[in-house]
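1. I would like the atomic coordinates for the input below:
(2 chains)
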Amino acid sequence: MEWANQLCENRQFGSKMTDSKYFTTTKKGEIFELKAELNSDKKEKKKEAVKKVIASMTVGKDVSALFPDVVNCMQTDNLELKKLVYLYLMNYAKSQPDMAIMAVNTFVKDCEDANPLIRALAVRTMGCIRVDKITEYLCEPLRKCLKDEDPYVRKTAAVCVAKLHDINAQLVEDQGFLDTLKDLISDSNPMVVANAVAALSEIAESHPNSNLLDLNPQSINKLLTALNECTEWGQIFILDCLANYTPRDDRESQSICERVTPRLSHANSAVVLSAVKVLMKFMEMLPKDLDYYSTLLKKLAPPLVTLLSAEPELQYVALRNINLIVQKRPEILKHEMKVFFVKYNDPIYVKLEKLDIMIRLASQANIAQVLAELKEYATEVDVDFVRKAVRAIGRCAIKVEQSAERCVSTLLDLIQTKVNYVVQEAIVVIKDIFRKYPNKYESVIATLCENLDSLDEPEARAAMIWIVGEYAERIDNADELLESFLEGFHDESTQVQLQLLTAIVKLFLKKPTETQELVQQVLSLATQDSDNPDLRDRGYIYWRLLSTDPVAAKEVVLAEKPLISEETDLIEPTLLEELICHIGTLASVYHKPPSAFVEGSRGVMHKRLPARTGSGESTESPDVGTAAGGSAPEAAPSIIPSQGDLLGDLLNLDMAPPTTSGPPPPTTGMQMGGMDLLGGGLDSLLGGDIGGSPAMGAGFGAAPAVMPASLNAPVGGGLGDLFDLGGVGMPMGAYIPPKIVWLPAMKAKGLEISGTFARRAGVIQMELILTNKAMSVMTDFAIQFNRNSFGLAPAGPLQVLTPLGPNQTIEVSLPLSTVGPVMKMDPLNNLQVAVKNNIDVFYFSCQYPISMLFVEDGKMERQVFLATWKDIPNDNESQFQIKDCHLNSDAASSKLQGSNIFTIAKRTVEGQDMLYMSIKLSNGIWVLAELRVQAGNSNYTMTTIRRSGSSQKMLTFFTCAACTLTSLCCCMDLMLSQYNT
Amino acid sequence: MINSLFLINPSGEIFLEKHWKSVVSRSVCDYFLEAKEKALEPEDVPPVIHTPHHYLISIYRDKLFFLSVIQTEVPPLFVIEFLHRVAEMIQDYFGECSETVVKDHMVMVYELLEEMLDNGFPLATESNVLKEMIRPPTILRSVVNTLTGTSNVGDTLLTGQLSTIPWRRAGVRYTNNEAYFDVVEEIDAILDQSGTTVFAEIQGVVEACVKLSGMPDLTLSFMNPRLLDDVSFHPCVRYKLWESERVLSFIPPDGNFTLMTYHVNAQNLVAIPVYVKQSISFFECGSDGRLDVTVGPKQTMGKTVEGVMVTVHLPKTILSINLTATQGSYTYDNGTKLLVWDIGKLNPQKLPNLRGSLSLQAGAPKPEENPSLNIDLKIQQLAISGLKVNRLDMFGEKYKPFKGVKYITKAGKFQVRT
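-> Numbering: from 1, shown residues only, chains lettered A, B, ... in the order given. All right, here's what the predicted structure looks like:
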């Protein structure tokens, strides 16, 4: 209270008029004194005493001891005194519940008062007293107030329901207050509507699945009417509520947009941003060729720009949201680059956000301006900002290819300033530019090398070492440069050590004669003198590679690096869509979905943008329709041409795939260990990035054990490639086609997928190799199939448990079920697949061997076989030959049995072995076949029927089956066309 | 919704707390104080801070931090707007917004805060509604109150709170009916070394002081409304009429209010009223530098430029400066390295110049950064965008009001890079 005393000394006269007099009481017996005053007979004295109590309370002093005395002052007709007592009650009732009960009568009486102000005040205060015993008495007065004739009381009561819900949710539900609250949405007074909406929204937040705010066109109409007439705060609540509605069609969507647009001109920035949210969301449903659509786009820009002239705190929130908006719809602000230019006295948090948006808006058209600005920023005072600005120049170069040259020369200019941290940042980004545009700007290396000595930050040193190693053949004294770093090897950070190791190995591979000593030195430093496991393991790998197979080492170490792209810093599309639905909220400030951080959000529903309707893309079922995102239709055609219904299915990706019966995917620990060895190892070998996986070391030790017999193919294949072990991984059981690349990295932002299909222990497995050839870590993998001929569907989620780092590879087995939706594909065994990760959704199609579908119980009874064979009409019969098969009939039979093609009978006629075989497909169709084997040539006839389709369909079956058999017999030159005619 | 409010002074002391829901311990502010410690300037404290159980949203106004605590997903702009309202309310009631004033009127501030929010939902934030509920302090009233025992708190239900025009109270009576409008424009601009405009825009605002009896319905029209790129209106303005006819039609609040703010974008050519020739250079060797700044009028539309002031943040390594100004005077604070040159009126015949030498601390390297110049200026009777009010009509009341329009142009964030 020192300040208070001092204040009073300073204002002897003034103290009469101000509240600081309330702090003058001596510390001794302060409470006692107040007690006496509170019990005074004089009204005025009482009031002054209560004021003193409140004053103490506001600065955080504990005056709860005065509870009974203050409550005694409640019975008064002086409104100010009453309000003061209420203020006190709200603060301390919780600590004195028994005493608080004393106040109940007054409250109940006040709720019946003739003056609506008093009624409202009573119900409002009562709701703020968080004491259960009082809550019980609140229900009746509240019920009356909710139906009060005076709208002021009703609107106060609406908020009170939210308060009560916070204290005792069950009570509110039992008493039916929620329904009354819902009725208030149709109230005639707009303020009542707004408060009811606000209360319901708050309650709904703790009940994510309740349909409290179940909006229909009628209630929407009510809300839109209230929107025009209620206060600015009410408008925010209503707009936020509207944003949760999904219009039935584009017409409704447009009419809502039209009625919301005027809110963009509101003086309150929160109203503006909430309106932007509604428009951004509903716009998604409007056909793009509509005139209104482009009008709306134009209308969105000015208010967003205006937000940037507000106070810095408002600017910050606005900028975070604009960051999302420019990623979703860059066209809105593409001409407004200048408003994001940084003023030197902007707060740092505004500067950094503006910078980020500038990069996002950078394009060929405005790059000159942007670069001039960035160069200006690089000479600012604030070091953090300067660093970001220099990095931004690098991002520009990577984003706008035409500007790369100018960016590089700007960076060189900056390096000439010799300002230490500028030089270091510049070198870090130049490394990225080299990676994006190889063999283009290497002429600047000489300039970079001049600054070698001034680099003292690990990241810059590592970048410089990478450059020296990568371009060792062009730098005459590369060995000297690297050697100079080697002197203080143990004092360097891990990042630099790892980079130095790789760089010297690169150098050695390029100039083996002069640098043998150097490489030995670094290998021994890394393996013997270091206690960092990552460094040691990488050292050992290099060592072994170099000593066993220098050619392989060259292939590994000097392998072509994947390109980096600017997309890596974009927000992943599904997340972006969700965030667009949350514009103006905390989620939009943090760029995280609310489920990720909002406390007490019990399973928040993921919000999705509505699908565009009426533009040809028919969405299948209503739930899929609403879930469909806007960006996917544009992305889809890249690989698979427009498949309306496919999109519907694929967009469900986020939901876990249906888990039908089936064993868990066989990603055994052993296999994973093997993977990590390859993935982690490759990562460290190839990547400029540091931080090899810790599992690598363990994996390496366990390497010899990584050959589980049943799973030899995937692991063996991988290891074989690297260490050229050869011979491992020959298929033993069912036929498994070799893995082929299904999705090249070019088409999938750096994700390469190759794979094959196999049938193991009665379960169809899709075996995938995912390789990350991009710069960023990939996570959140999911897979989905389009409907296909045999109803193949994933039986479980895609088991990629660890994030896939750059250059890392992982093998996954995905068990498939055959109970998915069926649609005839052409060719029959075609499968369209969508794979999603944190970056995007990718589509590809592949063909599975039909043999995968042959089930284990496909052995037909002899009698049945005979009868069926005779029954089948000749139309369903087809014949073809398999050439160059050097197996005898027994060997063929046993081989075929491995793929569930069962031999029922065998007879020998005129030197020919005739094998009669049966196959059962997963969908219950039987295929019967006759195989004639003659020395060196086999010719077989196949015939089938169960539930016949068209003969054309059957023919395709045969073709596939034949293809399978053919491959089984290692006759690879079979021409399919032969049988199609 | 908004849970609690803390007012914190620049030294980190909490001098007021108000809770609208359950009480949140003030220890939650420690997270904020930690962030404040980290920031170089109080302006740099991030406005949204995430703590394990709460979110702290703060603004920095008038050298005070207004810190609100929220627990659920609440639009941050809503909170920030509200905090600004609190600051404005304090300013409005007590003439200034400062720690002293709040402490002097602790109970009233507390009562006001209680009226502004209920359970964290805004209740009454319009200044004239609040003023009817809790009357602002005047010396006379407090004397009368002390003598008669009447209170500052109104005890009737306010008409304004429920009508569709909550901003206007009923039964307003004046003997002199007047309506004044000030069109104030601020130029935000960045000029580069050569004087080329990097970026320029105009932020305009129409401030009104309307003291009219009864329920006047006003219509204000501009000569050239299409000039405006974006407008934001006081809730009283009928948006439909603006959309269709480009006129401002409204029933005004009583007293002072901001009728509209507008924005003239960089796309339209923004006139730059002054030019600045400057050179701040440091010699490669030695520890000296030179400063030479000249300011002259450029596009002034024939008006005089007044109140010109140049502010420079000199580099940290400056030891002392020795300058001469041909007009006006300069002040230099060696602690903050802030150089302020107050020029006053610009005389086109004799351009003001400030030149002299700068000396660096011994051994300090040549400063790396280039200080920017901040320019202040004022032009009376001119809206630089060219916006002009055409006429003001009043309907709904019989009397003839006195009307007046004033224009003024100022520099907003007007910066010259060196």
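2. tell me which element the closest residue to chain B within the stretch 51-200 of chain A is part of?
-> Minimum separation of the stretch 51-200 of chain A from chain B (Cβ to the nearest Cβ) falls at A:E80, amounting to 3.5 Å. Bear in mind the C-beta positions are built from the backbone N, C-alpha and C, glycine included. Following DSSP states H and E, the helix or strand that holds A:E80 is helix A:79-92.
3. average pLDDT for that helix?
-> Averaged over helix A:79-92, pLDDT sits at 82.
4. ok, and what's touching it?
-> Outside helix A:79-92, the residues within contact range by Cβ atoms under 8 Å, 6 or more residues apart in numbering or on different chains are A:43, A:46-47, A:50-51, A:53-54, A:57, A:63-64, A:67, A:70-71, A:73-74, A:76, A:100, A:103, A:117-118, A:121, A:125, A:128-129, B:19, B:23, B:107, B:110-111, B:114, B:151-155.
5. Is there proximity between stretch A:390-398 and chain B?
-> No: taking Cβ under 8 Å from any Cβ of the partner chain as the criterion, stretch A:390-398 and chain B are apart, separated by no less than 13.1 Å.
6. Touching that stretch from outside, list them.
-> Stretch A:390-398 has contacts (Cβ under 8 Å, 6+ apart) with A:355, A:358-359, A:362, A:367, A:370-371, A:374-375, A:377-378, A:403-404, A:407-408, A:410-411, A:414, A:422, A:425-426, A:428-430, A:432-433, A:436, A:564-566, A:569.
7. Run a quick neighbour tally on the residue of the stretch 51-200 of chain A closest to chain B.
-> Counted with other Cβ atoms under 10 Å in any protein chain shown, residues neighbouring A:E80 total 21.
8. For A:K436, give me its contacts.
-> With contacts defined as Cβ under 8 Å, 6+ apart, the neighbours of A:K436 are A:A397, A:I398, A:A404, A:L563, A:I564, A:S565.
9. do you know how far A:L239 is from B:E88?
-> Here the distance between A:L239 and B:E88 works out to 23 Å (Cβ to Cβ, to the nearest Å).
10. Run through the chain and note the low-pLDDT ranges.
-> Using chain A here. Scanning chain A with the threshold set as pLDDT under 70 gives A:1-29, A:208-210, A:565-568, A:597-606, A:611-735, A:872-888, A:934-981.
11. I was thinking of chain B, sorry if that wasn't clear
-> Low-confidence segments of chain B, defined by pLDDT under 70, are located at B:138-164, B:166, B:266-268, B:285-286, B:368-369.
12. what's residue 325 in contact with, if anything?
-> Going with chain A. Applying Cβ under 8 Å, 6+ apart, one finds that A:I325 lies in contact with A:V276, A:M280, A:L300, A:L304, A:I332, A:L333, A:I580, A:I583.
13. my question was about chain B
-> With contacts taken as Cβ under 8 Å, 6+ apart, B:A325 has the following neighbours: B:W341, B:I343, B:P352, B:N353, B:L354.
14. For the residues you listed, give me TSV that also has neighbour count and distance to chain A.
-> TSV is the format used below for the contacts of B:A325 (neighbours: other Cβ atoms under 10 Å in any protein chain shown; distance: Cβ to the nearest Cβ, whole Å):
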residue	neighbour count	distance to chain A
B:W341	22	17
B:I343	28	20
B:P352	20	23
B:N353	16	23
B:L354	23	20
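15. so can I have TSV of those showing secondary structure?
-> TSV is the format used below for those (DSSP: H, G, I helix; E, B strand; the rest coil):
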residue	secondary structure
B:W341	strand
B:I343	strand
B:P352	coil
B:N353	strand
B:L354	strand
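16. Any chance of the residues you listed in CSV with distance to A:L804 as columns?
-> Output for the contacts of B:A325, formatted as CSV (distance: Cβ to Cβ, whole Å):
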residue, distance to A:L804
B:W341, 60
B:I343, 63
B:P352, 65
B:N353, 65
B:L354, 61
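17. Pick out whichever of those sits closest to B:T219.
-> Distance from B:T219 was checked for each of those by Cβ to Cβ. The minimum falls on B:I343, at 41.4 Å.
18. Run a quick check on that closest one versus B:M309, I expect a contact.
-> Yes: checked against Cβ atoms under 8 Å, the pair B:I343 and B:M309 is within contact range at 6.5 Å.
19. What sits closest to the closest residue to chain A within the stretch 201-350 of chain B if chain neighbours are left out?
-> When distances are taken as Cβ to the nearest Cβ, the stretch 201-350 of chain B approaches chain A most closely through B:D230, which lies 3.3 Å from it. Nearest residue to B:D230, sequence neighbours excluded (Cβ to Cβ, 6 or more residues apart in numbering or on different chains): A:P302, at 3.3 Å.
20. Show the backbone phi and psi for B:V295.
-> Main-chain torsions, B:V295, degrees, to the nearest 10: phi -120, psi 140.
21. which ones are touching it?
-> Taking Cβ under 8 Å, 6+ apart, we find B:V295 in contact with B:V274, B:Y275, B:V276, B:K277, B:V308, B:V310, B:I343, B:L346, B:L351, B:P352, B:I375.
22. I'd like to know how far it sits from B:N353.
-> Where B:N353 is concerned, B:V295 sits at a distance of 8 Å (Cβ to Cβ).
23. higher neighbour count, A:L239 and B:E88?
-> Just comparing A:L239 and B:E88: by other Cβ under 10 Å the higher neighbour count belongs to A:L239, 27 against 14.
24. who touches the helix or strand A:L296 falls within?
-> Counting by DSSP H and E, the element that carries A:L296 is helix A:291-307. Contacts to helix A:291-307, defined as Cβ under 8 Å, 6+ apart, come from residues A:254, A:257-258, A:261, A:264-265, A:269, A:272-273, A:275-276, A:279-280, A:283, A:286-287, A:314-315, A:318, A:322, A:325, A:329, A:331-333, A:335-336, A:339, B:229-230, B:232, B:261, B:263, B:265.
25. Show me which parts of that helix are buried, residue by residue.
-> Within helix A:291-307, the residues scored as buried using 16 or more other Cβ atoms under 10 Å in any protein chain shown are A:Y293, A:L296, A:L297, A:K299, A:L300, A:A301, A:P302, A:P303, A:L304, A:V305, A:T306, A:L307.
26. Tell me how many other residues surround residue 110.
-> In the absence of a named chain, this looks at chain A. Under the neighbour criterion other Cβ under 10 Å, A:D110 is assigned a count of 21.
27. you looked at the wrong chain, it should be chain B
-> Burial of B:Y110, expressed as a neighbour count using other Cβ under 10 Å, amounts to 21.
28. can you pull the contacts of the residue nearest to A:R263 when sequence neighbours are not counted?
-> Counting by Cβ to Cβ, 6+ apart, A:R263 lies nearest to A:A275, which is 3.7 Å off, once chain neighbours are set aside. By Cβ under 8 Å, 6+ apart, the residues touching A:A275 are A:L239, A:V260, A:T261, A:R263, A:L264, A:H266, A:P303.
29. Most neighbours among those, please name it.
-> Among the contacts of A:A275, A:L239 has the most neighbours (other Cβ under 10 Å), with 27 neighbours.
30. Is whichever strand or helix holds it positioned near chain B?
-> Mapping A:L239 onto the secondary structure by DSSP H and E places it in helix A:232-242. Yes: interface with chain B: helix A:232-242 contributes A:E232, A:W233, A:I236, A:D240 (Cβ under 8 Å from any Cβ).
31. Could I have the CA atoms of that helix written out in PDB?
-> The C-alpha coordinates for helix A:232-242 follow below in PDB (Å, rounded to 0.1, in the frame of the first residue of the first chain):
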ATOM      1  CA  GLU A 232     -21.400  -5.200 -32.700                       C
ATOM      2  CA  TRP A 233     -20.600  -8.000 -30.200                       C
ATOM      3  CA  GLY A 234     -23.900  -9.700 -31.000                       C
ATOM      4  CA  GLN A 235     -22.900  -9.600 -34.700                       C
ATOM      5  CA  ILE A 236     -19.700 -11.400 -33.900                       C
ATOM      6  CA  PHE A 237     -21.600 -14.200 -32.100                       C
ATOM      7  CA  ILE A 238     -24.200 -14.500 -34.900                       C
ATOM      8  CA  LEU A 239     -21.500 -14.500 -37.600                       C
ATOM      9  CA  ASP A 240     -19.500 -17.200 -35.800                       C
ATOM     10  CA  CYS A 241     -22.600 -19.200 -35.500                       C
ATOM     11  CA  LEU A 242     -23.500 -18.800 -39.200                       C
END
